[in-house]
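Student: give me the fold of what follows.
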Amino acid sequence: MSPVLQVGDRTLTATEVLPLLAEYQLLPQLVKEIVISQAIAEIECTQQETKLACQQLAQQYQLTSDAMLQLWLQQNNMSAKQFEALAVRQLKLEKFKQNNWGKDLDAYFIQRKPLLDRVVYSLIRTTDLGIAQEIYFRIKEGEQSFIQLAREFAQGPEKETDGLIGPVELQALHPVLAKLLLSCQPQQLLPPTQVGDWIVIVRLEKLLTAKLEASMRQRLINERFHQWLQMQISAQNWQIHQSELIATTNR
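Tutor: You can find the predicted model right below:
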């Protein structure tokens, strides 16, 4: 069996590479790349698009001169043709995403928007219901500020920020806390509520509405692509046929 890979002093044959991919848990990545290659196989690129894609890939790696590009190719054991193929692959993939999910992105954004909105809020968490009620009434009656009470009673990391948290997307929060913040108006103080293992006093400070700008469009297209990709990978019936591998090794 002819060697296919040299790593330092170790020479690997084709029959040795596949088990190593499995051992190092790299086969799922290989399957993912195969699925992508099959999906973008029919997408075409013009010569001008290919040239621009190569320039963009060089910029991505901060290769600002031909000398830097050549050095990078040598360091990564890659030819100019392989570099071009990598750039074209990225371009085809972006075309594939736009063709499949770019047109109905507005509707998807509206669906996702409630959890993409960001909030700034004040929080004090404790495990003692009596203390939580005392804190709530002190703030409500104006006896002490939220900041003062957070410094004194907060038992989470918000103690270090005077109770202030954010901006943070609603989808990143505990579902109960996200629902609380969605239900109130800025500056509204909410009574003590159980959230997971904690009892929290929370006040919404500011709601920052998500907008369908260029960066958000790209993020949502990538999100939909990854959802599709996971479904495709899950549907693939791939496995290593050990008996065939052993037979090939013994030839």
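Student: which strands and helices lie in contact with the lengthiest strand in the chain?
Tutor: Determined from DSSP state E, the single longest strand within the chain is strand 198-208. Strand 198-208 sits against strand 118-126, helix 129-140, strand 164-169, helix 175-182, strand 189-195, with contacts defined as 3 or more CB pairs under 8 Å, 6 or more residues apart in numbering; DSSP states H and E. (Each C-beta comes from the backbone N, C-alpha and C, glycine too.)
Student: pairing partners for it, with directions?
Tutor: strand 118-126 (antiparallel), strand 189-195 (antiparallel) (DSSP bridges).
Student: can I see the domain layout of this protein?
Tutor: In terms of domains, the chain is parsed into 1-42+216-251, 43-98, 118-208 (source: automatic domain parsing).
Student: ok, back up a step: for the helices and strands packed on strand 198-208, which one sits closest to Val88?
Tutor: Set against Val88 and scored by CB to CB, those come closest in strand 164-169, at 34.2 Å.
Student: got the CA coordinates for that closest one in CSV?
Tutor: Provided in CSV are the C-alpha atoms of strand 164-169 (Å, rounded to 0.1, in the frame of the first residue of the first chain):
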residue,chain,number,x,y,z
LEU,A,164,-26.5,46.1,35.8
ILE,A,165,-26.4,43.5,33.0
GLY,A,166,-26.3,43.9,29.3
PRO,A,167,-26.8,44.6,26.5
VAL,A,168,-27.6,40.9,26.0
GLU,A,169,-29.9,39.1,23.6
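Student: can you list contacts of it?
Tutor: 115-123, 147, 158, 205-206, 208 (CB atoms under 8 Å, 6 or more residues apart in numbering).
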